[in-house]
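Enquirer: sequence first, predicted model second:
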Amino acid sequence: MDFVKYSNFSEDQKTEFLELAKVLVSWSEKARFEGILALEEDLAVFKTETKVRLFLKKTMMLVTDGFDSVAVRQIGERYIQHDNADGFERLAFEMILEGVLSIQSGDNPFIMIEVLASFTGIFESAKFIEELHKLEAEVRGYFGENHNGSFIEEKNEQ
């Protein structure tokens, strides 16, 4: 497979990539504040209209179901290897898998943001990081105010 560059993605693909990263950062914050099982609420309502969103839900469910990180990585890599994914999907799958494993290990969201941004390349990463830090700050403020467990759906509907 040829090397895939984020910079070659369409604006729609870049937007989707950023939205996926935002979901991962939101879930990371929620898991740190409320525990990994609190994500089951978000997973129950998470829409899976694309392959990458289905992959995100499926791999995160492995984590909430108690699979260890080795099993999650192996299963995720197998899906990536055997799926007939285009360049965008493949890079999104890889980013998602790293994000899910970061949530599982309890990484600080700032670390996750850097890991996710690394998939965009050094030149595109600054803007990507800026957008994710804005969200991370917003989520921190949100969790500080009577969080009801439905941040993802509320943000998607606005």
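Expert: Looks like it arrived, so ask away.
Enquirer: helices or strands up against the helix or strand where E29 lies?
Expert: Secondary structure from DSSP states H and E places E29 in helix 11-34. In terms of contacts (3 or more CB pairs under 8 Å, 6 or more residues apart in numbering; DSSP states H and E), helix 11-34 is packed against helix 39-45, helix 51-64, helix 87-105, helix 109-117, helix 122-143, helix 151-157. In this view, the C-beta of every residue, glycine as well, is placed from N, C-alpha and C.
Enquirer: mean confidence for it?
Expert: For helix 11-34, the mean per-residue pLDDT is 92.
Enquirer: distance from the chain centre to that helix, please.
Expert: In terms of CA atoms, centre = their mean, to the nearest Å, the gap separating the centre of helix 11-34 from the centre of its chain is 5 Å.
Enquirer: relative to N84, how far out is the most centrally placed residue in the chain?
Expert: Geometric centre of the chain, nearest residue: L24, 3.0 Å, by CA atoms, centre = their mean. Here L24 is placed at a distance of 24 Å from N84 (CB to CB, to the nearest Å).
Enquirer: hang on, the earlier thing: then the helix holding E29 to CSV, C-alphas only?
Expert: In CSV, the C-alpha atoms belonging to helix 11-34 read as follows (Å, rounded to 0.1, in the frame of the first residue of the first chain):
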residue,chain,number,x,y,z
GLU,A,11,-11.5,19.4,2.9
ASP,A,12,-14.5,17.1,3.7
GLN,A,13,-12.1,14.3,4.7
LYS,A,14,-10.0,16.6,6.8
THR,A,15,-13.1,17.7,8.6
GLU,A,16,-14.2,14.1,9.2
PHE,A,17,-10.7,13.3,10.5
LEU,A,18,-10.9,16.2,12.9
GLU,A,19,-14.4,15.2,14.1
LEU,A,20,-13.2,11.7,14.8
ALA,A,21,-10.3,13.1,16.8
LYS,A,22,-12.7,15.3,18.7
VAL,A,23,-14.8,12.3,19.7
LEU,A,24,-11.7,10.5,20.9
VAL,A,25,-10.6,13.5,23.0
SER,A,26,-14.1,13.9,24.4
TRP,A,27,-14.2,10.2,25.3
SER,A,28,-10.7,10.5,26.8
GLU,A,29,-11.8,13.3,29.1
LYS,A,30,-15.0,11.4,30.1
ALA,A,31,-13.1,8.2,30.8
ARG,A,32,-10.6,10.1,33.0
PHE,A,33,-13.4,11.8,35.0
GLU,A,34,-16.0,9.1,35.2
